[in-house]
Every structure is written in structure tokens, then in C-alpha cells.
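Asker: here's a sequence, model it:
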Amino acid sequence: MPDATHVVAIDQGTTSTRAMVFDRRGEVVAADQREHRQIFPRAGWVEHDPLEIWRNTRAVLGGALGKANLNAGHVAAVGITNQRETTVVWDRSTGQPIHNAIVWQDTRTQAICNELAGEEGPQRFAATTGLPLATYFAGPKIRWILDHVDGARDRAEAGQLLAGTVDTWLLWNLTGGAEDGGIHVTDVTNASRTLLMDLRTLTWDAAIAAEVGVPLRMLPEIRSSSEVYGTITPGTLAGVPVAGILGDQQAATFGQACLQPGMAKNTYGTGNFMLLNTGEEIVTSRHGLLTTVCYRLGEAKPVYALEGSIAVTGSLVQWLRDNLGIIRDAAEVETLAGTVEDNGGAYFVPAFSGLFAPHWRPDARGALVGLTRYVHKGHIARAALEATAFQTREVLDAMSRDVSGAGAEPFLTELKVDGGMVVNDTLMQFQADLLGVDVVRPKVAETTALGAAYAAGLAVGYWSSPSQVTANWGEDRRWSPRMDATERDRLYRQWCKAVTRTLDWVDADTR
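Answerer: Have a look, this model is predicted:
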């Protein structure tokens, strides 16, 4: 579309779906957003309704275009970014999911992971996939659905069922679905989160898929992160190409212009995710991080990353609001935390889904420790915010050891940050204090959607090269460390002690 003036990104996240319209400067022109239900059938289980997500996607696309006063003729391409690992299985002929989507935070597949690990342990497939056997990843979620929905495995073996992460589900529906031959494709970043893809060949590993119990014919074709996959058939964007797919954290890395080896970003969302660009080199972690695909642009060589994934950060604030009721909205947590000068000796380890990086301890559960009668809700609010910064420090330390072997000293001179929590000045200042490096927020904070827009726009020539991505990036706010090293070390030592209190909680008969 040579006259097109904008690119649209679909940002399908854990709690909501957004559509955002961007111009050539990478600035937001319009956006629309809808939340979807969080379904908790039992402790540790988290589900979404795939049909609700699809309905919301259609609604926000129309809403964003309406706010921008644009139509399909103004849009060069659409990009998709998505909550990774969340898994959908659906009927090829009807388009109906056979089960709710199993969300990345869900822990129901622990028995499957234990069975697969056997005597070889959770690193059994890591040399090929870059991932430990953990409930986080999509492959065991597909297996669970096939094992627990009547007749599903036979239907899958017969080619009647399709599976994929949320990007695949949305692309299939956008490009026609059951009625008009929807395209069944994923990109390398999402495929690298399934426990089923070979990092080197960028193809499904047939032997691992067989071991996990996932028929290959269910799985989508793996393509690059930036190419034309097909065109939209229904709705207000009919005829517009879908030309970019990136898992949300890789999209944020791309949107932050972390395009050179050694550059890193940290996203503060439902969970926290730090990615370090390692270039064309696959770096195997020895300290609890994941090796993943960062992005691949068309036929270019893939770029890889080390990742530290933290399950619960922003969702802890949501928990304070929804489960305890000590705040009415998320913004209040900073005000409440600001009523105290420190955490009063309280530490909150939010191991609601076990601990992810760098521990990978599914047996852990959340703990609020160090309580005295002095502690009140202000201290608890502050401890909840500080938990995000402490967990980030753990990941940065592990990343430093993997890259340089130089111990726990930060190897970065600054950390680029994004996500919903970066508007919280108290958290960002504490993060800089705890890391001992500057924390930098970009002018365009919506880096996840922006990364997907860039991937799509590059594929159709809306942007000519990745150098334009770098040129568009600009700094908005910087926080520099103010805490002395002695206090930093004391606080972190206490945090590490608190983490030990959460371990070995779940027994075989614990629900």
C-alpha cells in the first residue's frame, strides 16, 4: 500500500488486548484497549477464553482506527505481539477451542514436567531448546489438553485439531479462520518458547515433540518475525497484510532498539522480563536463565538472547487490589508506599506460581516475612514494590555471571526499562539504587506494541532499515543510584534470606 501512512500493532497481553496506531516516527497516534477475564478453576491454574480474546481483538482494531480517523487504506501493515507460552488448541473445521487457553503462569503441568525430566533432570532438552522443563512453556500445556479433553488425542492425530500460542490463534482468525482457510503460522520467537523447537535449525524437533506427546501435524509453520504471512480477510482492515510477529518480550526488546549485542532491556508488566541481546551467538546459561530467539528479520540470520523471566511483579500489585483490597487501583500503591520511609523489615516474595528465573523452583510459594507489630499496610505496599526490584537484581546478577563470569557486579552501565510499572517513580528509583546503575525510560513507553509495529513495517518497506528503529528511540526519564553500597548489600542480603523461606513448600499432596 504505497499511500499508507501508518502501521497498526495488536498487543495481546495477559490481562488485556490493545490495538495501537503508529506513525513513521514510532509515535502513538491512537489506541484502544479491552480487558479479558482471568479464569482460576483451582489453585495454580490460570485460563483465558480464546474466543473472548478474538472478539476483543476485533473490537480494539475498530476502536483504534476510529479514534485515529483512519481506514484500511491508511494502514501499511499489521503486527502482532502476544503473551508468550499461553496455549490454545482448536478445531480446524469449526474454529472452536476445545478448552480454555492455558496461561503462561499456570502450574498444572508440573507432573508432566517431572515425568519428562526423569533421571536426566529438568535440563533434559535444554541443549536443543534453550529451556528447562518447567510449567511455563507451551509444549506440556498442549499435552495436558490432549490428555484431559475426551477424544482430543485421536482428533489431533487425525489432523482435526490445531495448536499454537496466542499469536497463531489470532493470525489464523485474522486471515480467514475456519471459513476461509486461516493461515497456521508462528514466528521463531514464539516457537522458541514451546520446548519443542531446535534453536539452531529453527524447526520443530520431532524427537522432543514425540517425547512430550505433541503430534507435529498440530503445530504451525515456523516463519521469521518480519515478513508478510497473509492478508486480513474480515473486518475493517480487510486486505491489509499481517507482516510481523514477536513474542511480547522480544517485541519490547526490538521496540527499545536493543539491536546490538550487549544491549539489554527490562519490562515491568504482569511479570518482569529482562532480555540481553547476544547477537548471532547462542549463549547457554549456567545460572538459571533462558536461551531464546530475540528476533529474525526475513531471511537474515537469527539474533539470540539470554532472558530472565520473573512470574509475578505487576500482578502482585493487582493482588493487593483484588485479593486484599488495601488499594482501590494500581496507581495507589505508590501513594501508600510513600507513607513510609522503608519496608519496616518486611519482605514480600511473590512465589504464587513458584519461582522462575534464576531459581526455577516450582515447589516455592509466596511468603511475607520479617513481620512485627510495627508493620502496617504502607510497609506491605512498599515491600510489594521492592519485590519487583529485588527479583530484577537476582536476574541481572545471573546474567552478569553468564556473560562475564565476573560475579554479581552489574555489567551494564544503564538499563532500559518499559512496561506499565515504569511510571512508578518510587520503584524506578529503588531499582536504580539496588542495581547501582542508571535506569532509563524511553519517550515511547509502549515498546511492546512498537516492536511489533516495527517488525511489520520493515517487512513492507514502511521503514527502510533497522537503523530507523534506533534513530526513533529517545530518552524520557533517567534515575541514578543514590543508595550507598553498604545499605544496598544489607537489603539484598535480607531479600535472599526471605527467598529461602518460600522453598520446599509444595509437597506431593499439597494443592
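Asker: isn't residue 203 right up against residue 222?
Answerer: Yes. If you go by C-beta atoms under 8 Å, residue 203 and residue 222 touch, sitting 6.4 Å apart. In short, each C-beta sits where N, CA and C put it, glycine included.
Asker: and these two? Which one has more around it.
Answerer: Summary of the neighbour comparison: residue 203 and residue 222, criterion other C-beta atoms under 10 Å, with residue 222 having more neighbours (22 against 13).
Asker: do you know how far the more buried one is from residue 80?
Answerer: 15 Å (C-beta to C-beta, to the nearest Å).
Asker: same deal with residue 196?
Answerer: If you measure residue 196 against residue 80 using C-beta to C-beta, the figure is 20 Å.
Asker: next: residue 488.
Answerer: Distance check for residue 488 against residue 80: by C-beta to C-beta, it reads 40 Å.
Asker: the two - which one has more neighbours?
Answerer: Comparing residue 488 with residue 80 by other C-beta under 10 Å, the one with more neighbours is residue 80, at 30 against 16.
Asker: for residue 253, which residues are in contact?
Answerer: With contacts defined as C-beta atoms under 8 Å, 6 or more residues apart in numbering, the neighbours of residue 253 are 265, 275, 277, 294, 295, 305, 451.
Asker: before we move on, what about residue 439?
Answerer: Remark: with contacts taken as C-beta under 8 Å, 6+ apart, residue 439 is in contact with 414, 415, 417, 428, 431, 432, 478, 479.
Asker: change it to 7 Å
Answerer: Contacts here follow C-beta atoms under 7 Å, 6 or more residues apart in numbering; on that basis residue 439 touches 415, 417, 428, 431, 432, 479.
Asker: likewise residue 10?
Answerer: With contact taken as C-beta under 7 Å, 6+ apart, residue 10 is in contact with 19, 57, 78, 80, 170.
Asker: what pairs with the fourth one across the strands?
Answerer: So the one you mean is residue 80. Per DSSP bridges, the residues bridged to residue 80 are residue 10, residue 245.
Asker: touching, it and residue 452? I think so.
Answerer: Yes. Using C-beta atoms under 7 Å, residue 80 is in contact with residue 452, at 5.9 Å.
Asker: mutual contacts of the two, please.
Answerer: Shared contacts of residue 80 and residue 452, defined by C-beta under 7 Å, 6+ apart, are found at residue 244.
Asker: just the contacts of residue 439 now: which is nearest residue 494?
Answerer: Among the contacts of residue 439, residue 431 lies closest to residue 494 (C-beta to C-beta), at 16.8 Å.
Asker: so how far is residue 498 from that closest one?
Answerer: Using C-beta to C-beta, one gets 18 Å for the distance from residue 431 to residue 498.
Asker: those two: which is more packed in?
Answerer: Taking neighbours as other C-beta under 10 Å, residue 431 and residue 498 compare with residue 431 leading, 27 against 20.
Asker: so that one is in which element?
Answerer: Element membership for residue 431 (DSSP states H and E) is helix 425-435.
Asker: give me the mean pLDDT for that helix.
Answerer: Confidence over helix 425-435, taken as the mean pLDDT, stands at 94.
Asker: what sits up against that helix?
Answerer: 334, 337-338, 385-386, 388-390, 392-393, 396, 410, 415, 421-422, 438-439, 479-483, 488, 492.
Asker: show me how far the next helix or strand along the chain from that helix is from its chain's centre.
Answerer: Downstream of helix 425-435, the first helix or strand assigned by DSSP H and E is strand 438-442. How far strand 438-442 lies from its chain's middle: 20 Å, per C-alpha atoms, centre = their mean, to the nearest Å.
Asker: for strand 438-442, what is the average pLDDT?
Answerer: 93.
Asker: ditto for stretch 353-363
Answerer: The model assigns stretch 353-363 a mean pLDDT of 88.
Asker: now for the residue lying closest to residue 51 once chain neighbours are set aside, how many residues are close by?
Answerer: Computed as C-beta to C-beta, 6 or more residues apart in numbering, the closest residue to residue 51 that is not its neighbour in sequence is residue 97, at 6.7 Å. As a burial measure, the neighbour count of residue 97 was computed by other C-beta under 10 Å and equals 20.
Asker: next one: residue 23
Answerer: Residues near residue 23, counting by other C-beta under 10 Å, number 13.
Asker: related to what we said a few turns ago, of the contacts of residue 253, which is the most crowded?
Answerer: For those, the largest number of neighbours (other C-beta under 10 Å) sits with residue 451, at 34 neighbours.
Asker: list the buried ones in stretch 201-215?
Answerer: By neighbour count on 16 or more other C-beta atoms under 10 Å, the buried set for stretch 201-215 is 202, 204, 205, 208, 209, 211, 212, 213, 214, 215.
Asker: gap between that stretch and the chain center?
Answerer: Remark: stretch 201-215 is offset 23 Å from the chain centroid, using C-alpha atoms, centre = their mean.
Asker: okay, that stretch in PDB with CA atoms only?
Answerer: Only the C-alpha atoms of stretch 201-215 are listed here, as PDB (Å, rounded to 0.1, in the frame of the first residue of the first chain):
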ATOM      1  CA  THR A 201      17.700 -25.200  12.900                       C
ATOM      2  CA  LEU A 202      14.600 -23.100  13.900                       C
ATOM      3  CA  THR A 203      12.400 -26.200  13.200                       C
ATOM      4  CA  TRP A 204      10.300 -28.400  15.400                       C
ATOM      5  CA  ASP A 205      12.300 -31.200  16.900                       C
ATOM      6  CA  ALA A 206      10.400 -34.400  16.000                       C
ATOM      7  CA  ALA A 207      12.000 -36.500  18.700                       C
ATOM      8  CA  ILE A 208      11.300 -34.000  21.500                       C
ATOM      9  CA  ALA A 209       7.700 -33.400  20.300                       C
ATOM     10  CA  ALA A 210       7.200 -37.200  20.400                       C
ATOM     11  CA  GLU A 211       8.600 -37.400  23.900                       C
ATOM     12  CA  VAL A 212       6.400 -34.500  25.100                       C
ATOM     13  CA  GLY A 213       3.400 -36.000  23.400                       C
ATOM     14  CA  VAL A 214       2.500 -33.400  20.800                       C
ATOM     15  CA  PRO A 215       1.700 -34.500  17.200                       C
END
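Asker: where do the strands sit along the stretch 51-200 of the chain?
Answerer: Here the stretch 51-200 of the chain has its strands, by DSSP state E, counting those that start in this stretch, at 75-82, 87-91, 101-102, 161-165, 185-187, 197-198.
Asker: pLDDT (mean, whole number) over the top helix by length along the chain?
Answerer: Among the segments of the chain that qualify as a helix by DSSP state H, the longest is helix 377-404. Per-residue pLDDT over helix 377-404 has a mean of 92.
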